[in-house]
Structures are given as structure tokens and as C-alpha cells.
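Chemist: need coordinates for the below:
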Amino acid sequence: MSSIHQKRILLGITGGIAAYKSIELIRLLSKAGADVQVVLTEGAKAFVTEMTLQAVSGNPVRSTLLDPNAEAGMGHIELAKWADLIIIAPASADFMARYAQGMANDLLTTLCLATQAPVLLAPAMNQAMWRHPATQANASLLAERGVLSIGPAEGTQACGDIGPGRMSEPQDIAQAVISHFENTNMLQDLAGQHWVITAGPTMEAIDPVRYISNHSSGKMGYALAAAAQARGANVTLISGPVKISVPNDVHIIPVKSADEMLAACETVMTLQADVFIGAAAVADFKMKAACDQKMKKQTNSDELTLTLVKNPDIIATLASKQLARCIIGFAAETQNVMDYAKDKLARKGLDMIIANDVSRTDIGFNSDENQVTVITKDTTWQPEKAAKADLAVSLVDYIGSHYHKTC
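Modeler: Residues are numbered from 1 along each chain as shown. This next block holds a predicted model:
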């Protein structure tokens, strides 16, 4: 029997072309045994009809806050109490802004403020709107308050743009809902904590078509994000360019360069985070001045000289500003692994460092397995070699159990 059998799910639909996908989401949730009720915003009515949604869900569709018939029994409050989970799919930039500011100027925002049930957002909007600092700030604020999220996905959008902003597919959202109810029975000892994790490589532009980067796949950082979220933490994942699906209920901030990654970290950690894990492989150097146009081959020379300067040291900067109560770094080395890791731990003022030998093809970049040594000022621990997903669970358990001791 599905974990959502007889669960009461309130689906909020906001204005956006992705609203048509919500019809399939209702079908999938209902097929798994959930009781689905739908709430529409005024903007959503331009994309889907109440009659269609009522036929698919089998329940009346609500859209008006002050409906005399429903409000005779304080209908909006009863609906807020009825839900085991509220899903907003699609969640527009406008809705996220109003929800983040605590506004209750329509039925859907009122329900979200009045409910004790968890809320899951599936953002959908133009890629520029998603990347806008205001939207990112709203998404971060909602995540800090415990609001769950899935996506957005990247790809071609209805407007023709390409980038992050597509609503996650209905199958993925339905699976996230199932996973949510499965996880409610798991240990939730990290509930209330905000974990910020970086992952993947950075890309430092040489010119519009070339860049400096590395072989990091991001698998370890993404696995850590999933493991921390499963234990109840609110997780913000700041990721360089990778080809990995975002873990369910993890807030993702995509970046490219080291400068962008540092700025994102400082923004989301303005209110001190509990745990920061720097799992990203940040490029040590960048161009002193990237070229505005594609650099052409010099016909009279077989050599090219690039002038590089140091990138900001992200983890040292965050540690110096004390932007997290516990700051954990990674030391990806090819030689003298333990010596370099211990030096980095002391020199950068970290609480913990996770060292791994990336010269080994069985545990290095792009591998599905890893083996690490965890080092603090007073302790050293080496778990067995394992799949990165399994290792991440062990690491999060270790970090969680040592959080108050080491940080």
C-alpha cells in the first residue's frame, strides 16, 4: 500500500503555463490513494478550468477566499486543518513573494499561513525570474522557515529561454510526496537546523566559449544534501554546473564561478547557518580579466599566455565571518593527503575537514564510491569505503552527533 493512501493533500495551482501539468499530478496522487482537493488562484484560471480539475480530483474546486457558502463554517480554516500536506504546483514568483512576506490576500496564501501541515513548493517561472536576487531571497527565506521544495528543473521554456525554471515533472513531484510521507517515520533529529552545502565544480570564464574548471561531478555534495534533508534539516544546496537531479525538498541555487558561489553562500547565511559543508571543488584561479570576445589563434605563435589571479577562498571567508556555527571543509588531494588536510583545518579555522585521495580512480572525481578520513582538532575517523550515497548517510550521522561537541 502506498505511503500516501488516504492522505489528504491540498493542491494549490498558481498562474503559469505549467499549470496544465497539475492535471497529471492530481491523477497520479489520486491513483496512489490520496484524497486531493484543489485551490486555484485567479491567475491559474487563465490556464486550467475548475470543471476539469473537479472531474479529475473528484472534489469541488475552491478559488475564492470569501465564499459565503464555505465561510459559513469558517471554510478556509477548516480546509487548512484538513490537509496533511499542501503542494503548490506550479508555484509562481508572485506567490513565493507574497508567501514569504506573510501576506494573506487570497485563499491560497491564507491557507498556507493558517495550516499546521507541511508545504511543498514546485517553482515554475522564466529562468531570469528564478535567478533574480529577490526570488532567490524569497526561496531561501521560505526554506529557512521549513517550507519544502522540489526543483525547478532546467531546460527549454515556453518562452524559448533555456535555463532553470521549469516545473518538476508530475511523476517527480508525486514521488517526492511519497518520499515525504515515508520519511516522516525516519529519525528527524536535524529538524530545525539549516545546513548549507556546496557541490560540483566552478567554471571560470576565459572568454565567451572557454573556461577553467575541474572534473568534480558533484555526487558527494548532492548525496550529503539528500542525507541531511532526510534527517529533517532545511538544506540549501549551492551547486556549480553538474548533471545530477536535485534531491527532493532541497533548495538549490545554481552558480558558475567561485565569485558567484561565495556571494550565494553569504546571502543565504546572513542569518547564521547551523552547518556549512564546502564539498564543492572550487577553482583556485580565475582570469585576471576574461575576454569579452572569443580569443583567436595567433598565427605567428604556438603558445598562449593567460594571466590568472587567485579566486576568493570561500570556506576561509565564511569561517572568518562566523557565518555558520559549524564549518566543515573537504580536502581533495593527490599526495600527502593527511598532512595537507590537517594544515587546511588549522589554517582556515575549520571545525572539521573531510579528506579524500582523488588520485585514486576508484574513489576520485566522477566515481560512484568514495573513502574519506574525517578530522577534527582532537579526533580522526575513517569510515569504510562505500557508495557515496551510503557514505553521505554515515557522514551526516557523524556530523550530527558531533555537532554540539565540535562546533
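
Chemist: the strand or helix carrying residue 338 - contacts with which helices or strands?
Modeler: Following DSSP states H and E, one finds residue 338 within helix 337-347. Judged by 3 or more C-beta pairs under 8 Å, 6 or more residues apart in numbering; DSSP states H and E, helix 337-347 is in contact with strand 324-333, strand 352-357, strand 373-375. Just so you know, the C-beta spots here come from the backbone N, C-alpha and C atoms, and that holds for glycine as well.

Chemist: I'd like these as JSON lines, with mean neighbour count and distance to residue 18 appended.
Modeler: Formatted as JSON lines, the helices and strands packed on helix 337-347 follow (neighbours: other C-beta atoms under 10 Å; distance: least, C-beta to C-beta, whole Å):
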{"stretch": "strand 324-333", "mean neighbour count": "22", "distance to residue 18": "34"}
{"stretch": "strand 352-357", "mean neighbour count": "23", "distance to residue 18": "38"}
{"stretch": "strand 373-375", "mean neighbour count": "20", "distance to residue 18": "42"}
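
Chemist: could these go into TSV alongside distance to residue 286 and mean pLDDT?
Modeler: Formatted as TSV, the helices and strands packed on helix 337-347 follow (distance: least, C-beta to C-beta, whole Å; pLDDT from 0 to 100):
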stretch	distance to residue 286	mean pLDDT
strand 324-333	19	92
strand 352-357	24	92
strand 373-375	29	94
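
Chemist: quick one: which of these is nearest residue 62?
Modeler: Ranking the helices and strands packed on helix 337-347 by proximity to residue 62 (C-beta to C-beta) places strand 324-333 first, at 41.7 Å.

Chemist: strand partners of that closest one, parallel vs antiparallel please.
Modeler: With DSSP bridges as the test, strand 324-333 is paired with strand 273-278 (parallel), strand 352-357 (parallel).

Chemist: residue 331 is nearest to which of the ones you listed?
Modeler: strand 352-357 (4.3 Å).

Chemist: what lies in contact with that closest one?
Modeler: 279, 326-334, 337-338, 340-342, 344-345, 363-364, 370-376, 395, 399, 402, 406 (C-beta atoms under 8 Å, 6 or more residues apart in numbering).

Chemist: picking that back up, rebuild the helices and strands packed on helix 337-347 as TSV, extending it with distance to residue 212.
Modeler: Converted to TSV, these look like this (distance: least, C-beta to C-beta, whole Å):
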stretch	distance to residue 212
strand 324-333	16
strand 352-357	22
strand 373-375	28
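
Chemist: out of those strands, which gets nearest to residue 207?
Modeler: Between those, strand 324-333 lies closest to residue 207; by C-beta to C-beta that is 27.3 Å.

Chemist: most remote residue from the middle of the protein, which is it?
Modeler: In the chain, counting by C-alpha atoms, centre = their mean, residue 300 sits farthest out from the average C-alpha position, at 48.6 Å.

Chemist: hang on, that residue is in a helix, isn't it?
Modeler: No: counting by DSSP: H, G, I helix; E, B strand; the rest coil, residue 300 falls outside a helix, being coil.

Chemist: looking at the helices and strands packed on helix 337-347, which is nearest to residue 14?
Modeler: strand 324-333 (33.1 Å).

Chemist: keeping just the C-alphas, turn the closest one into CSV.
Modeler: Listed next in CSV are the C-alpha coordinates belonging to strand 324-333 (Å, rounded to 0.1, in the frame of the first residue of the first chain):
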residue,chain,number,x,y,z
ALA,A,324,27.8,29.1,10.4
ARG,A,325,28.1,27.5,13.9
CYS,A,326,29.9,24.5,12.4
ILE,A,327,32.1,24.9,9.3
ILE,A,328,33.3,21.7,7.5
GLY,A,329,35.6,21.6,4.6
PHE,A,330,36.8,19.0,2.1
ALA,A,331,40.4,18.3,1.2
ALA,A,332,40.7,16.6,-2.2
GLU,A,333,44.3,15.8,-2.5
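
Chemist: other residues contacting it?
Modeler: Outside strand 324-333, the residues that reach it (C-beta under 8 Å, 6+ apart) are 196, 220, 269, 272-279, 281, 315, 318-319, 337, 340-341, 344-345, 348-359, 365, 399, 403, 406-407.

Chemist: just the buried subset of those, please.
Modeler: 196, 220, 269, 273-279, 281, 315, 318-319, 337, 340-341, 344-345, 348, 350-358, 365, 399, 403, 406-407 (16 or more other C-beta atoms under 10 Å).

Chemist: relative to residue 292, how far out is residue 228?
Modeler: Per C-beta to C-beta, to the nearest Å, residue 228 is found 40 Å from residue 292.

Chemist: more crowded one of these two?
Modeler: residue 228 (29 against 7; other C-beta atoms under 10 Å).

Chemist: quick check: the more buried one touching residue 235?
Modeler: Yes: applying C-beta atoms under 8 Å, one finds residue 228 in contact with residue 235, separated by 5.1 Å.

Chemist: spatially nearest residue to residue 97 (excluding sequence neighbours)?
Modeler: Nearest residue to residue 97, sequence neighbours excluded (C-beta to C-beta, 6 or more residues apart in numbering): residue 138, at 5.3 Å.

Chemist: which SS state does that neighbour fall under?
Modeler: Relying on three-state DSSP, one would call residue 138 helix.

Chemist: measure it to residue 153 for me?
Modeler: For residue 138, the distance to residue 153 - C-beta to C-beta - is 19 Å.

Chemist: and if you look at residue 312?
Modeler: 30 Å.

Chemist: what about those two, which has more around it?
Modeler: Set residue 312 next to residue 153 and count neighbours by other C-beta under 10 Å: residue 153 wins out with 18 against 15.

Chemist: tell me the contacts of the nearest residue to that one once chain neighbours are set aside?
Modeler: Nearest residue to residue 153, sequence neighbours excluded (C-beta to C-beta, 6+ apart): residue 166, at 4.5 Å. By C-beta under 8 Å, 6+ apart, the residues touching residue 166 are 18, 124, 151, 152, 153, 154, 155, 157.

Chemist: wait, the fifth one touches residue 167, no?
Modeler: Looking back up the chat, that one is residue 153. Yes: with contact taken as C-beta under 8 Å, residue 153 and residue 167 are classed as touching, separated by 7.3 Å.

Chemist: re earlier: any residues in contact with both of residue 228 and residue 235?
Modeler: 195, 197.
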